[in-house]
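J.: task: produce atomic coordinates for the following.
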Amino acid sequence: MTDARPQLICAPIISRTAGMIVAGLLIFIGLVFQLGQFICDHVSATGYWLIHVIAANLWSALVLRLNALGLGPVLHLWPLLLVGFGLAILLALQPTRSNSR
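T.: Purely as a prediction, here's the structure:
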């Protein structure tokens with residue numbers, strides 16, 4: 001007989017735990033970067049002008065290179081994509097509930 005259940009549900013407990021840890025890290029890192037993006041939009045970096053100039057120029061070069069590919073909106077929301085991937089992993093690892101009526 002073959003097992004019709006999804007393979008992620010039948011995986012050993014270590015791989016499920018590792019998957020949950022990775023998903024939690026993705027969600028945490030995505031939230032931290034998104035909050036940092038919101039906070040840094042309002043903060044002025046005049047005290048660290050050299051670092052600010054270098055980072056701004058590197059970011060502009062990166063955005064110009066990738067914006068030609070049409071990835072501009074994706075780059076703006078990439079921390080939320082990390083959160084989405086983390087939630088997708090958690091949903092994939094969630095055990096299925098069967099109605100045994």
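
J.: quick check: residue 52 vs residue 58, distance?
T.: 11 Å (Cβ to Cβ, to the nearest Å). Every C-beta, even on glycine, is put in place using the N, C-alpha and C of the backbone.

J.: compare these two (neighbour count), which wins?
T.: Between residue 52 and residue 58, counted using other Cβ atoms under 10 Å, the more crowded position is residue 52 (13 against 10).

J.: so which elements touch the lengthiest helix in the chain?
T.: Longest helix in the chain, counting residues (DSSP state H): helix 13-40. Packing partners of helix 13-40 (3 or more Cβ pairs under 8 Å, 6 or more residues apart in numbering; DSSP states H and E): helix 78-93.

J.: send over the helix it packs on as CSV, restricted to the C-alpha atoms.
T.: Extracted C-alpha coordinates of helix 78-93, given in CSV (Å, rounded to 0.1, in the frame of the first residue of the first chain):
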residue,chain,number,x,y,z
TRP,A,78,11.2,42.1,0.4
PRO,A,79,11.0,41.8,4.3
LEU,A,80,7.3,41.1,3.9
LEU,A,81,8.2,38.3,1.4
LEU,A,82,10.4,36.8,4.1
VAL,A,83,7.4,36.8,6.5
GLY,A,84,5.2,35.3,3.8
PHE,A,85,7.7,32.5,3.1
GLY,A,86,7.9,31.8,6.9
LEU,A,87,4.1,31.6,7.2
ALA,A,88,4.0,29.3,4.1
ILE,A,89,6.5,26.9,5.8
LEU,A,90,4.4,26.9,9.0
LEU,A,91,1.3,26.2,7.0
ALA,A,92,3.0,23.3,5.2
LEU,A,93,4.1,21.8,8.5
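
J.: mind giving me the packing neighbours of that helix?
T.: helix 7-10, helix 13-40.

J.: list of residues touching it?
T.: Contacts to helix 78-93, defined as Cβ atoms under 8 Å, 6 or more residues apart in numbering, come from residues 8-9, 16, 19-20, 22-27, 29-34, 37, 74.
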